[in-house]
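**Student:** Pasting a predicted model and its sequence here:
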Amino acid sequence: MKKILAATALAAALWAPAAGASSEAPTPPSVEWSFNGLFGTFDRGQLQRGYQVYAEVCHSCHALSLMAFRNLQQIGFSEEQVAQLAAQFEVQDGPNDEGDMFMRPARASDHVPSPFANEQAARFANNGAYPPDQSLIVKARKGGSDYIHGILVGYRDPPPEGVTLNEGMHFNDYFPGHQIAMAPPLSDGRVEYADGTEATLDQQAKDVTAFLTWVSEPTLEERRRLGISVILFLIVLTGLLYALKRQIWSDVDH
């Protein structure tokens, strides 16, 4: 399932202001996410597609160190499916009886392994750029989900007239300075969705962004449900207290 992507970092890495371009990128377009708003929830189908995009495209450069494979059951994968998805990755284990470390297929209890052994190996493979861990990337970037989606769909080739790119850089409408080291990671048909959804560039960008948003805030729905329950409780309690006050002071002239 895993495909190798010859790209570098997703949201940061190396950049320099482009000639003739503003150092501040335009605000990415606002997307109508299903998880927006007080009553917003994650679309489980979209999250599963987003995981597929991450596994087949993004994981070749980006770690997801805070997520264990078993967490995928929260977005609708069965226990058997999670075991199969985990087994497509290898993790280091050991030592064995001879004192050596060894590689084995990942299990549901394992965290998603990094594509690189260490930071130095990651920088060496990416021309000095360090691909950031994606576990909290949505929370770490101003603009959150809209920003990540904007970066993924904001590439322009060729760049606008009058813009000179530094060697190895790519023009992006929504990246600060407009020059980003990462080559465009997505394109129409980059993945073949298991559920048959048409894999347009925008669809893939929305799906993986939604997935990374869930990874950044896996308890979002639970917190909102709790918040709504607390608000309703306080409304009812306020009404009861007001009625009690009226009852207690009903025989007192005002």
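**Tutor:** Looks like it came in fine.

**Student:** give me every residue that touches the residue nearest the centre of the chain.
**Tutor:** For the chain, the residue nearest the mean C-alpha position is residue 212 (1.6 Å; CA atoms, centre = their mean). Counting by CB atoms under 8 Å, 6 or more residues apart in numbering, residue 212 makes contact with 50, 54, 134, 137-138, 148. All C-beta spots, glycine's among them, are computed from the backbone N, C-alpha and C.

**Student:** can you give me the offset of the helix or strand hosting residue 204 from its chain's centre?
**Tutor:** Residue 204 belongs to helix 201-216 when elements are defined using DSSP states H and E. Centre-to-centre, helix 201-216 and its host chain are 6 Å apart (CA atoms, centre = their mean, to the nearest Å).

**Student:** about what we covered before: need the contacts of residue 212 in TSV with pLDDT and distance to residue 29, can you?
**Tutor:** As requested, these are exported to TSV (pLDDT from 0 to 100; distance: CB to CB, whole Å):
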residue	pLDDT	distance to residue 29
50	98	19
54	98	22
134	95	22
137	95	19
138	96	16
148	97	12
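
**Student:** hmm, back to that, how many neighbours does the residue lying closest to the residue nearest to the centre of the chain once chain neighbours are set aside have?
**Tutor:** Counting by CB to CB, 6 or more residues apart in numbering, residue 212 lies nearest to residue 138, which is 5.2 Å off, once chain neighbours are set aside. Per other CB atoms under 10 Å, the neighbour tally for residue 138 reads 24.

**Student:** for residue 159, same thing?
**Tutor:** Residue 159, neighbours per other CB under 10 Å, totals 21.

**Student:** With the one 10 residues further on instead?
**Tutor:** For residue 169, the neighbour count with other CB under 10 Å is 21.

**Student:** For it, grab phi and psi.
**Tutor:** Here is the backbone geometry of residue 169 (degrees, to the nearest 10): phi -100, psi 160.

**Student:** And the pLDDT for it?
**Tutor:** Predicted confidence (pLDDT) for residue 169: 90.
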